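In: below: sequence and its predicted model.
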2 protein chains.
Amino acid sequence: MDAITLDAELTAVLHDRGQRVTPQRLILHRLLRAGPQHLTAEELLAHSRPQLPNVSLPTVYATLDLFEELGVIRRVAGTGPAQVYDSRAERHHHLRCVRCGAVSDLDADIDVRAAARAAEGRGFAPERVEVTVTGLCRACAAAGAASAV
Amino acid sequence: MDAITLDAELTAVLHDRGQRVTPQRLILHRLLRAGPQHLTAEELLAHSRPQLPNVSLPTVYATLDLFEELGVIRRVAGTGPAQVYDSRAERHHHLRCVRCGAVSDLDADIDVRAAARAAEGRGFAPERVEVTVTGLCRACAAAGAASAV
DNA sequence: CTGGATGCAAACTCTTTGCATGCAT
DNA sequence: ATGCATGCAAAGAGTTTGCATCCAG
């Protein structure tokens, strides 16, 4: 299956699966394509309010689960309380600020084969290898240097 | 500061910080050293029951926070509901099963400098680089092959 | 029509907070 | 004696579930 990046593609995939094409799904999908790459369910709900005044949080969660199953989005592994979803499903890596919790993409050519091989050697069937760099983002590093007097 | 792996070292560090050496802290520290490497607060509570019948969950959380601050343990980035703590603080990587959620260590020599350099290039001050391999653990791969008929 | 999807409300889990008591120093 | 740490209870945040209604097919 190819990437799902248009309304028509989402529609086709849903039909194939015998699932329905609802305004909520189409609009949330559009918002995920157009909006911030990393967001929580609550944030997506807030973004959708103008176009879907009555959308509910359970629907947002259900839709995010569905989109994750379709490979449209991914959950970002993290240590905070709220799940962060990533509207880019393709393989890439992340920076996470330990102070403000912000997540941003790290597009770097990291050789990850050693990790996959090591995992296979332990009987593990790797699907994905993700590299996460934790530290201080530019803003927090600056603020930290000032406040750490 | 060196690694804290003995009661005496924990005692010394706590004294240095003007904090108290309580039975709860000592026993939880011992359990973390001796028990499973990856566990949740609830699991640690359960493990501590025999030795600390009255210990409470808030105390476990407070102690885990403290130990994380001391660099004794680490939180494992994940997508599940419950925080998983790792009693090994030294740098290593993780395998996470997408089916059963199990976390295990991956000790592999992965060259992570490219990621750190890329992060620095974006104004990020990297503290740690972690590689997480997601996929199916041996048990779930076997079960999946059977049930995915 | 029919059944999957939605919205609402409530339940549930995990984690944090407030406060009185207790204990390490 | 001092005040940090604990235990209990309750609150809070995030997520899931149950169920009646609605709407896409």
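Out: Nice, I can see it.

In: how far away is residue A:111 from chain B?
Out: 7 Å (C-beta to the nearest C-beta, to the nearest Å). Every C-beta, even on glycine, is put in place using the N, C-alpha and C of the backbone.

In: state the pLDDT value of that residue.
Out: We have a pLDDT of 89 for residue A:111.

In: confirm that it lies within a strand, as I assumed.
Out: No: per DSSP: H, G, I helix; E, B strand; the rest coil, residue A:111 lies outside any strand segment and is coil.

In: measure the closest residue to it other than its chain neighbours to DNA strand D for me?
Out: Among residues not flanking residue A:111 along the chain, residue B:111 sits closest, at 6.5 Å (C-beta to C-beta, 6 or more residues apart in numbering or on different chains). Using C-beta to the nearest atom of the strand, to the nearest Å, we find residue B:111 at a distance of 33 Å from DNA strand D.

In: next one: residue A:76
Out: Following C-beta to the nearest atom of the strand, the distance that separates residue A:76 from DNA strand D is 11 Å.

In: pLDDT weak spots in chain A?
Out: Scanning chain A for pLDDT under 70 picks out A:1-2, A:146-149.

In: list the contacts of the strand or helix carrying residue A:10.
Out: Assigned by DSSP states H and E, residue A:10 belongs to helix A:7-16. If you take C-beta atoms under 8 Å, 6 or more residues apart in numbering or on different chains as the criterion, helix A:7-16 is touched by A:1, A:2, A:3, A:4, A:20, A:21, A:25, A:26, A:29, A:30, A:70, A:72.

In: for these, pick the one with the most neighbours.
Out: Neighbour counts for the contacts of helix A:7-16 (other C-beta atoms under 10 Å in any protein chain shown) peak at residue A:29, which has 24 neighbours.

In: quick one: contacts for the residue most central in space within chain A?
Out: Nearest to the geometric centre of chain A sits residue A:86, at 1.2 Å (C-alpha atoms, centre = their mean). Contacts here follow C-beta under 8 Å, 6+ apart; on that basis residue A:86 touches A:37, A:38, A:73, A:74, A:75, A:76, A:94, A:103.

In: from those, which are also near chain B?
Out: Residues of the contacts of residue A:86 in contact with chain B (C-beta under 8 Å from any C-beta of the partner chain): A:75, A:76.

In: export the contacts of residue A:86 as TSV, with columns for secondary structure.
Out: Listed next are those as TSV, based on three-state DSSP:
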residue	secondary structure
A:37	coil
A:38	strand
A:73	coil
A:74	strand
A:75	strand
A:76	strand
A:94	strand
A:103	strand
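
In: okay if I get the contacts of residue A:86 as JSON lines plus neighbour count?
Out: Shown next, in JSON lines, are these (neighbours: other C-beta atoms under 10 Å in any protein chain shown):
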{"residue": "A:37", "neighbour count": "16"}
{"residue": "A:38", "neighbour count": "19"}
{"residue": "A:73", "neighbour count": "26"}
{"residue": "A:74", "neighbour count": "21"}
{"residue": "A:75", "neighbour count": "15"}
{"residue": "A:76", "neighbour count": "20"}
{"residue": "A:94", "neighbour count": "21"}
{"residue": "A:103", "neighbour count": "21"}
